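*Asks:* Just the structure for this:
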Amino acid sequence: MSSDLEDRFDELLRQEQNLEDEYNKLVRNQITEETAAKEIRLRETAYKLLYEKNQEEQEKLQSARRAMESDRKNMEVARALLGAEEELYRSSYEDYAKFSRENEEENRRMEDEFENVSADLRKQHDALFSRNRSQTLEADQIAGEIRKAEEAEEINQENAVKLTEVSEQIAAEAIRSESLRKASGEVHASLREHLQMTAQAELELNAIRSQYENERRIHREHSALLGDLHGLVERAATVTSDYTASKEQLLQLEKVVREACEGELQRDASC
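*Replies:* Sure thing, here's the model as predicted:
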């Protein structure tokens, strides 16, 4: 628009120059005084019209410049607001991502620790079961020897000594089994503590999601940022799904350990 006004103004200047050239031509040709006076009046009229037209074009040009300046200031204000909003959302996303990484690392650490403890418990249980079975077979063998050697007092005394030793070993294994049950209780306590921590993490995650929803409601007018916000929502849903799956896996592991410990207690009782 500004360029059109300037071109129009240049055109008026060219017309003025043409009029002046015509006037000079009339002077050079020495036309009559009456004709010259008439030409002068025509020229004055043309100058007057040209001046009024020029003023009108100048006012339009000034109005256009003021409108452009106002638009430029509005754009600068909008750009500043947009930058502040982008910084706010970037900060919120960084805090959320940091919390998610820390929570995932803590979950992995607890899972690894639980797997190591479970593996140790399984190894101890297998070794204890193998020793108990060997000692049971040995006790059965000794009992058979005692039945066969009931008539020989010396053999009976030796077998009695062996039976006493086996009984002492069985008592020692019972003490080891009690220690194993205590270790299992500690694992359960650690697992409960982890579940409490994950529940607290879920509460914090819900608080972050609530804060995000409030910010989204306040800045809903800025449609250009809604795509990023939708991305954050999808990421939060993915993290929540992964967290739920991890929680279910921990509950399944707890169930397996509890069943293994109960089976161990039953086998110890039968022995």
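
*Asks:* From here on, just use CA atoms for contacts and neighbour counts.
*Replies:* OK.

*Asks:* Relative to residue 18, how far out is residue 25?
*Replies:* 10 Å (Cα to Cα, to the nearest Å).

*Asks:* should've said residue 238
*Replies:* 77 Å.

*Asks:* go on, residue 44?
*Replies:* For residue 44 relative to residue 18 (Cα to Cα), the value is 14 Å.

*Asks:* With residue 65 instead?
*Replies:* 29 Å.

*Asks:* Residue 68 too?
*Replies:* Distance from residue 68 to residue 18, by Cα to Cα: 33 Å.

*Asks:* Residue 84 - how many residues pack around it?
*Replies:* 12 (other Cα atoms under 10 Å).

*Asks:* send the alpha carbons of stretch 48-58 over as CSV?
*Replies:* C-alpha atoms of stretch 48-58 as CSV (Å, rounded to 0.1, in the frame of the first residue of the first chain):
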residue,chain,number,x,y,z
LYS,A,48,-4.3,24.1,-7.0
LEU,A,49,-5.9,20.7,-7.9
LEU,A,50,-2.5,19.1,-7.9
TYR,A,51,-1.7,20.5,-4.4
GLU,A,52,-5.1,19.3,-3.0
LYS,A,53,-4.6,15.9,-4.6
ASN,A,54,-1.0,15.8,-3.2
GLN,A,55,-2.3,16.7,0.3
GLU,A,56,-4.9,13.9,0.1
GLU,A,57,-2.3,11.4,-1.0
GLN,A,58,0.1,12.5,1.8
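
*Asks:* Quick check: mean pLDDT of that stretch?
*Replies:* Stretch 48-58 comes out with an average pLDDT of 73.

*Asks:* One more: stretch 79-87?
*Replies:* On average, stretch 79-87 scores 72.

*Asks:* what's the answer for stretch 102-122, then?
*Replies:* 70.

*Asks:* next one: stretch 17-34
*Replies:* Stretch 17-34 comes out at a mean pLDDT of 67.

*Asks:* Make residue 1 into 561 and carry on from there
*Replies:* Fine by me, first position is 561 from now on; the one you just mentioned is stretch 577-594.

*Asks:* Next, residue 626: secondary structure please.
*Replies:* Recorded secondary structure, residue 626: helix (DSSP: H, G, I helix; E, B strand; the rest coil).

*Asks:* Look at it and report its pLDDT.
*Replies:* 79.

*Asks:* how many neighbours does it have?
*Replies:* 12.
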